[in-house]
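Trainee: requesting a structural model of the entry that follows:
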Amino acid sequence: MPFQSLRNLKNWIAAVFNPPYQLSLCEIVPGLDGGATVYVFKQYGTHDIIKLRHRDIVENVQILSAINPKDLIGIALYENSLKESAGECRVTEAIRGNQYRIANHGREEVYSGESICGNIDLFQRLPPHEICKIAYETGFSKGRKVSGQLRTLAAQGRAEAGAETDNVVPLRSRK
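Mentor: Numbers count the residues shown, from 1 in each chain. A predicted model of the protein is given here:
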């Protein structure tokens, strides 16, 4: 019996001073201008700092086995969110005439509001508040065009009617 407890004590001490995972994640440094994200790890029992990129971690089995699985899950989730955000577009400038400059993957293109509303792929990659703004302004400008067309048609109808409408009094709205 005392032998068993000594063995348990020895295993406990070994586990405390030599944990199964030697690296723990300290900091995530996002890459600038499309650069790779750097993950900063602290090595257990020392003051050593190790900086690794996602590719370095995935390609080396020894590094993978040395990192705490909770940290690996966090890294995987972070990389997944980076991939999802890379597919998103953003409106960089609203130009006169219902035109918008949209940035996607480092390049910018100019689209009209009607083409954005008609393009489902582009529509899905824009943020919801931008979509609402573009749809509102597109509908507003389209409504103004229709109103202008109706006004010109009414003026043409009055001009064609000519003398027949001399005895007709136009109705005016109160202000």
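
Trainee: and Gly31, how many neighbours?
Mentor: The local packing of Gly31 (other CB atoms under 10 Å) involves 12 other residues. Backbone N, C-alpha and C define where each C-beta goes, glycine included.

Trainee: I figured it hits Val38, correct?
Mentor: Yes - using CB atoms under 8 Å, Gly31 is in contact with Val38, at 7.0 Å.

Trainee: all helices of this structure, in order?
Mentor: Remark: helices assigned in the chain by DSSP state H are 2-17, 54-59, 61-66, 69-86, 113-118, 120-125, 128-161.

Trainee: which one of the ones you listed lies nearest to Asp48?
Mentor: Closest to Asp48 of the helices of the chain is helix 61-66 (CB to CB; 12.3 Å).

Trainee: list of residues touching that closest one?
Mentor: Contacts of helix 61-66 with the rest of the structure, by CB atoms under 8 Å, 6 or more residues apart in numbering, involve 21-23, 52, 56-58, 72.

Trainee: buried residues in that helix?
Mentor: 63, 66 (16 or more other CB atoms under 10 Å).

Trainee: same question for stretch 19-34.
Mentor: Residues 22-23, 25 are the ones in stretch 19-34 that count as buried (16+ other CB under 10 Å).

Trainee: among those, show me the least confident.
Mentor: Among these, Gln22 has the lowest pLDDT, at 82.

Trainee: how near is that residue to Trp12?
Mentor: As judged by CB to CB, to the nearest Å, Gln22 and Trp12 stand 18 Å apart.

Trainee: and the lowest mean pLDDT element among the helices and strands of this protein?
Mentor: Lowest by mean pLDDT, DSSP states H and E among the helices and strands of the chain is helix 2-17, with a mean of 72.

Trainee: one step back: which one of the contacts of helix 61-66 is nearest to Ala86?
Mentor: Val58 (17.6 Å).

Trainee: residue contacts, the closest one?
Mentor: Val58 is in contact with Leu64, counting by CB under 8 Å, 6+ apart.

Trainee: could you redo the helices of the chain as JSON lines and give each row distance to Thr46?
Mentor: Shown next, in JSON lines, are the helices of the chain (distance: least, CB to CB, whole Å):
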{"stretch": "helix 2-17", "distance to Thr46": "12"}
{"stretch": "helix 54-59", "distance to Thr46": "19"}
{"stretch": "helix 61-66", "distance to Thr46": "13"}
{"stretch": "helix 69-86", "distance to Thr46": "17"}
{"stretch": "helix 113-118", "distance to Thr46": "55"}
{"stretch": "helix 120-125", "distance to Thr46": "45"}
{"stretch": "helix 128-161", "distance to Thr46": "48"}
